[in-house]
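[1] Predicted model and sequence below, questions to follow.
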Amino acid sequence: MSLRLYNTLSREKETFVPHKAGRVGMYVCGPTTYDYIHLGNARPLVVFDTVRRYLEYVGYEVAYVQNFTDIDDKIINRAKEIGEDPIAMAARFVEEYHRDAKALNVRPATVHPKVSNHMAEIIAMIRGLEEKGHAYAMDGDVYFSIPSFKDYGKLSGRSLEDLQAGARVDVNERKRHPMDFALWKGAKPGEPSWGSPWGQGRPGWHIECSAMSRKYLGDTFDIHGGGQDLIFPHHENEVAQSEACTGVAPMARYWLHNGFITVNQEKMSKSLGNFFTLREILKKFPGDVIRFYLLSTHYRSPIDFDDGKLEAAQKGLQRLRTSRRLLAETLGDGGKADTARPPELREKLAEQWLALKNGFREAMDDDFNTALALSMLFDLAREVNTFLHGAYGLTPEDRTLLQQVGEGFDELAGVLGVDLAEGAAAADDGAVDGLMNLLIGIRAEARKKKDWAMADRIRDGLKELGIVIEDTPQGARWKKS
Ligand SMILES: [Zn+2]
């Protein structure tokens, strides 16, 4: 078994071979921090966090770099609108971003470089391009000369002629070629700027990622990721800048791009105004449900946003958690009954467990097929439920198997960043669990004293809050309905 992934550069699935054995360098374009992120921005976060978790799970040491674009026209304009300093406002949204990432159980990257802290590297790279004849200065701006890089278009699969035919007529007469793009922009009054060989100014968007990926991962690294909307021009320009500057190709060996989130088949984006911020969605659904929902579709396929599918994801995740909890409870009380299970039940569960262990790896090795991996977790949950059904005791063999299955369940769900502990994210601070146990205890006492009115009041009151109490031979349990 080996990992195969779809490489945008070759437009086919390739076997993954890292540049240095046992290590993976991965760069993913992070957000431009001028607002809260929307669901479309949250998808690459979850997708590449899962890619990273899986690479680590199979034994790679992963250096994961995700940048923040904290200097940009959008930032400057927004800051002007709200009367805040652009750098301070961007820093504030970086903090908000970390909060959102945490809600989605996305681990912090190894490094989160910010553009504002990497001006020296950016300027050095532009100087390098200038010296090699790939860039030219014009009235305080510096442009990348596209005709100087013969491989331009190789990532997006378009030729320079195609691109020119489709390009809008560019009124900027300072550029030698209409497709040339800015590496450095001369300062305008009232904007943040930095000193450079070309005067005060600030970098263009594309050069930032070339400079920061090079600094942390070198001239060639393994995986470069981002949303499909970044393939052109952003990633195409990154390739041109990096490879023209270093003379080393490829800049990244594998290019991975996640699909869009659409609303009524239209791409969710800030500019179209058809977006939901993650914060809005987090008011209705816990972060782990949103993560589960995003992973239920293969990362390259589009997802059409739909509340109903989020609800289905919530129910699905709850089903897995219920099975996991029943399994733990059975192990805990030792299966009180004396009758042993028919051995076929154990054999079937053992079989399903083995199928999952192998199948999960196969699914993830096939270009990170999280949708298939999740469906296998459901198959196992069903088998666990069948096994636990009925009043049987546990033989030592049953116990060993259940322990393995329980640990395996947690481990594989963990690779997807899903925590199967009941109420893991729903209870932000763990207080909900404590409160529920307290209420269940009070209700049990009321029932003992035959105070049915009190017991019913607790049950009905919780029902109104969407919490159901189930009475079982092992005592009362609660779940969200
Ligand atoms: Zn980038």
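    Okay, I see it.

[2] Measure how buried residue 161 is and give me the count.
    9 (other CB atoms under 10 Å). C-betas here are computed from N, CA, C, even on glycine.

[3] just checking, next helix/strand downstream of whichever strand or helix holds it?
    Of the helices and strands defined by DSSP states H and E, residue 161 is found in helix 160-166. Once helix 160-166 ends, the next helix or strand along the chain (criterion: DSSP H and E) is strand 181-186.

[4] hmm, who's touching that following strand?
    123, 126, 129, 135, 137, 139-144, 146, 196, 198-204, 206-207, 233, 237, 241 (CB atoms under 8 Å, 6 or more residues apart in numbering).

[5] 6 Å instead?
    With CB atoms under 6 Å, 6 or more residues apart in numbering as the test, strand 181-186 has contacts from 126, 135, 140-144, 198, 201-204, 207, 237.

[6] Pipe those residues into CSV and attach secondary structure, distance to residue 29 and pLDDT per row.
    Below are the contacts of strand 181-186 laid out as CSV (DSSP: H, G, I helix; E, B strand; the rest coil; distance: CB to CB, whole Å; pLDDT from 0 to 100):
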residue, secondary structure, distance to residue 29, pLDDT
126, helix, 19, 98
135, strand, 21, 98
140, coil, 27, 95
141, strand, 23, 96
142, strand, 21, 98
143, strand, 21, 97
144, strand, 18, 98
198, coil, 25, 97
201, strand, 22, 97
202, strand, 18, 97
203, strand, 15, 97
204, coil, 14, 96
207, helix, 13, 98
237, helix, 12, 97
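
[7] Taking the stretch 51-200 of the chain, what residue is nearest to the ion?
    Per CB to the ion, residue 67 is where the stretch 51-200 of the chain lies closest to the ion, at 6.7 Å.

[8] Just give the number of residues close to that residue.
    Neighbour number of residue 67 under other CB under 10 Å is 23.

[9] Repeat that for residue 102.
    The tally of other residues near residue 102 (other CB under 10 Å) stands at 12.

[10] Would you format the contacts of strand 181-186 as CSV with neighbour count included?
    Converted to CSV, these look like this (neighbours: other CB atoms under 10 Å):
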residue, neighbour count
126, 27
135, 25
140, 16
141, 19
142, 25
143, 24
144, 29
198, 20
201, 22
202, 23
203, 26
204, 21
207, 28
237, 24
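
[11] ok, which pair from the residues you listed is furthest apart?
    The largest separation in these, counting by CB to CB, is between 140 and 237 at 20.4 Å.

[12] Without its sequence neighbours, what residue ends up closest to residue 371?
    Distance criterion CB to CB, 6 or more residues apart in numbering; nearest residue to residue 371, sequence neighbours excluded, is residue 298 at 5.3 Å.

[13] and if you look at residue 241?
    residue 210 (4.3 Å).

[14] how much space between the one you found and the ion?
    8 Å (CB to the ion, to the nearest Å).

[15] you'd agree that residue is up against residue 240?
    No: between residue 210 and residue 240 there is no contact under CB atoms under 6 Å: 8.8 Å.

[16] If you count contacts, what does the helix or strand of the chain with the lowest mean pLDDT end up packed against?
    Lowest on mean pLDDT, DSSP states H and E among the helices and strands of the chain sits strand 475-480, with a mean of 73. Packing partners of strand 475-480 (3 or more CB pairs under 6 Å, 6 or more residues apart in numbering; DSSP states H and E): strand 467-472.

[17] Which of the three states applies to the residue of the stretch 301-450 of the chain found nearest the ion?
    Distances between the stretch 301-450 of the chain and the ion by CB to the ion are smallest at residue 368, namely 20.5 Å. At residue 368 the chain is in coil, as set by DSSP: H, G, I helix; E, B strand; the rest coil.

[18] Quick one: distance of the lengthiest helix in the chain to the chain centre.
    When the chain is parsed with DSSP state H, its longest helix is helix 307-333. Counting by CA atoms, centre = their mean, to the nearest Å, helix 307-333 is centred 22 Å from the centre of its parent chain.

[19] related to what we said a few turns ago, and the residue of the stretch 301-450 of the chain closest to the ion, how many neighbours?
    26.

[20] mind pulling up the phi and psi values for it?
    Main-chain torsions, residue 368, degrees, to the nearest 10: phi 50, psi 60.

[21] Against residue 222, how distant is it?
    According to CB to CB, to the nearest Å, residue 368 stands 14 Å off from residue 222.

[22] where in the protein is pLDDT low?
    1, 166-171, 335, 423-434, 472-475, 481 (pLDDT under 70).

[23] now do 50
    Counting by pLDDT under 50, the chain contains low-confidence residues at 426-430.

[24] give me the residue from the stretch 251-400 of the chain nearest the ion.
    Closest point on the stretch 251-400 of the chain to the ion, by CB to the ion, is residue 252, at 11.0 Å.

[25] got the contact list for that residue?
    Listed by CB under 6 Å, 6+ apart, the contact set of residue 252 reads 221, 224.

[26] What of residue 116?
    70-71 are the contacts of residue 116 under CB under 6 Å, 6+ apart.

[27] got the phi/psi numbers for it?
    Per degrees, to the nearest 10, the backbone of residue 116 is at phi -60, psi -20.

[28] How about residue 194?
    Torsion angles, degrees, to the nearest 10, at residue 194: phi -130, psi 150.

[29] Count the neighbours of the closest residue to it other than its chain neighbours for me.
    Leaving aside its chain neighbours, residue 194 sits nearest to residue 119 (4.9 Å; criterion: CB to CB, 6+ apart). If you count neighbours by other CB under 10 Å, residue 119 ends up with 17.

[30] What distance do you get for residue 119 to residue 187?
    Applying CB to CB to residue 119 and residue 187 gives a distance of 13 Å.

[31] now do residue 409
    57 Å.

[32] and if you look at residue 379?
    60 Å.

[33] If you count surrounding residues, which of these two has more?
    residue 187 (16 against 13).

[34] Would you enumerate the residues in contact with that one?
    193, 200-201.

[35] Look up the closest residue to it, ignoring the ones flanking it.
    Among residues not flanking residue 187 along the chain, residue 193 sits closest, at 3.6 Å (CB to CB, 6+ apart).

[36] Show the backbone phi and psi for residue 437.
    Reported as degrees, to the nearest 10, the phi and psi values for residue 437 are phi -60, psi -40.

[37] Now stretch 248-258: buried residues?
    The neighbour-count check on stretch 248-258 (16 or more other CB atoms under 10 Å) flags 250-258 as buried.
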